[in-house]
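Peer 1: I'd like to go over a predicted model; first the sequence, then the structure.
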Amino acid sequence: MLICDLHCDLPDKVIGDVEIDSNNAHWSEDRLKKENTYVQVFASYVDKYAHDDPFDRVNSLILNFKEKLKKTDIGIVTDYETLKRNIAGGKNSAILAVEGGEALGGKLERVKYFYDLGVRFFTITWNHKNQLGQSSSESCENAHLTELGIQVIKQLNKYTITPDVSHLSEAGFWDVIETSTKPVAATHSNSKKLCNVRRNITDEQFLAIKESGGLVGISFVPAFLEKDETKANVVSIIRHIEHFMSLDGEQTVALGGDFDGISTLPFGISGVNDVDKIADELAKINYQDEIIAKIMGKNIENYIKNAFL
Ligand SMILES: [Zn+2]
């Protein structure tokens with residue numbers, strides 16, 4: 001089976017002598033099952049309060065991660081042709097992302113710099129306000145994108161880097177939808193209707209992303225799955241999938257687990273080795289194979305086919 005996922009925070013876990021092939025993180029090459037082919041978006045995230053120079057931090061995370069990938073059999077993908085070849089050959093793929101617009105250090109021209117490094121998804125904010133906009137996690141009177149934020153969306157469109165609206169304030173979200181001429185993704189966000197937390201998205205937001213031709217990745221963060229996070233399990237993930245499917249989300253729903261971005265996981269999921277349990281659970285409730293394949297990976301493959309250069 002093809003298993004694609006829009007969000008994993010492994011890059012800041014594989015520092016020094018910690019490697020991608022085998023480690024104690026949620027995601028490692030030795031946890032990948034031989035019978036599946038994996039495509040993973042890896043985000044290099046930055047907390048502006050932990051790092052004086054966010055650009056420098058993200059840049060060094062990406063450079064380090066690319067070096068570490070060379071020691072594995074995982075190929076970096078920046079275009080559909082390479083992805084197609086990898087999938088046909090059963091080779092696993094990595095796609096690079098930046099999480100947190102602080103990484104630009106306020107400089108628009110750094111969008112191109114990150115594009116040249118191979119970045120293809122760009123999360124506008126992490127959990128704090130930055131030069132581009134306001135996060136959904138902090139309340140603020142004017143939560144719109146800044147003028148620079150609007151310029152960055154246009155620049156992301158120019159280079160065909162997908163604007164990622166997970167973490168972004170709702171007003172900022174609608175600014176992205178209005179500004180972007182290309183598809184938009186929420187790489188790791190669930191349904192607010194089922195679990196009313198700031199990090200999740202409303203049905204209206206889901207429909208706007210769908211309308212843009214973009215993707216919504218279901219996250220495995222227990223607190224974004226269930227009001228009582230201790231109850232989160234594989235069935236909770238299915239509930240969010242089912243809700244978005246009920247909004248005609250057959251081409252839009254994808255996975256965005258947030259492995260290694262979280263300390264606790266839903267019951268039954270210990271890491272990337274357990275992701276196929278989601279497919280098993282969907283089969284149990286009589287989802288057709290073709291639909292399961294879309295949710296588990298095909299929707300992301302198709303998205304890259306249509307949206308990448
Ligand atoms: Zn995140």
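Peer 2: Looks like it arrived, so ask away. Residues are numbered from 1 along each chain as shown.

Peer 1: what sits against V46?
Peer 2: P54, R57, V58, L61, E99, G100, E102, A103, W126 (C-beta atoms under 8 Å, 6 or more residues apart in numbering). For every residue, glycine as well, the C-beta is placed using N, CA and C.

Peer 1: between those, which is closest to G261?
Peer 2: For those, the closest approach to G261 (C-beta to C-beta) belongs to E99, at 8.4 Å.

Peer 1: Find the residue ranges of the stretch 1-150 of the chain scoring beneath the pLDDT cut-off.
Peer 2: Across the stretch 1-150 of the chain, the ranges flagged by pLDDT under 70 are 141.

Peer 1: For it, just list every one of the strands.
Peer 2: 2-8, 37-45, 75-76, 93-99, 119-123 (DSSP state E, counting those that start in this stretch).

Peer 1: just to revisit the earlier point, filter the contacts of V46 down to just the ones in helices.
Peer 2: Of the contacts of V46, the ones assigned to helices by DSSP state H are P54, R57, V58, L61.

Peer 1: what's near enough to touch L156?
Peer 2: Residues in contact with L156 (C-beta under 8 Å, 6+ apart) are V111, F122, T162, P163, S180, K182.

Peer 1: correct me, but the second one touches I95?
Peer 2: Think F122. No - when contacts are counted by C-beta atoms under 8 Å, F122 is not listed as touching I95 (11.8 Å).

Peer 1: ok, those two, which is more surrounded?
Peer 2: Ranked by neighbour count (other C-beta atoms under 10 Å), F122 and I95 place F122 first, with 27 against 24.

Peer 1: what sits against that one?
Peer 2: Neighbour list for F122: A97, V98, G101, V111, F114, L156, I161, T162, P163, D164 [criterion: C-beta under 8 Å, 6+ apart].

Peer 1: swap in I269?
Peer 2: Contact partners of I269, counting by C-beta under 8 Å, 6+ apart, are F220, V234, I237, G257, V275, K277.

Peer 1: ChimeraX command to pick out the buried ones of those?
Peer 2: Of the contacts of I269, the buried ones can be selected in ChimeraX as follows, counting by 16 or more other C-beta atoms under 10 Å:
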select :220,234,237,257,275
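
Peer 1: could the contacts of I269 go into a markdown table alongside secondary structure?
Peer 2: Putting these into a markdown table (DSSP: H, G, I helix; E, B strand; the rest coil) gives the following:
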| residue | secondary structure |
| --- | --- |
| F220 | coil |
| V234 | helix |
| I237 | helix |
| G257 | coil |
| V275 | coil |
| K277 | helix |
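
Peer 1: In terms of distance to S28, which of the contacts of I269 ranks first?
Peer 2: Checking the contacts of I269 against S28 with C-beta to C-beta, the nearest one is V275 at 13.2 Å.

Peer 1: my read: that closest one touches I3, true?
Peer 2: Yes - with contact defined as C-beta under 8 Å, V275 counts as touching I3 (5.6 Å).

Peer 1: list the residues that contact both of these two?
Peer 2: Counting by C-beta under 8 Å, 6+ apart, the common neighbours of V275 and I3 are L255, M296.

Peer 1: Could you check how far the closest residue to V58 other than its chain neighbours is from T179?
Peer 2: Spatial nearest neighbour of V58, chain neighbours left out: A103 (4.0 Å); criterion: C-beta to C-beta, 6 or more residues apart in numbering. From A103 across to T179, the span is 19 Å (C-beta to C-beta, to the nearest Å).

Peer 1: Between those two, tell me which one has more neighbours.
Peer 2: Under the neighbour definition other C-beta under 10 Å, A103 and T179 were set side by side, and A103 has more, 32 against 18.

Peer 1: which residues touch that one?
Peer 2: Residues near A103 by C-beta under 8 Å, 6+ apart: S44, V46, P54, F55, R57, V58, N59, R110, F114.

Peer 1: what does S180 give?
Peer 2: Neighbours of S180 in contact, by C-beta under 8 Å, 6+ apart: I153, L156, N157, P163, S212.
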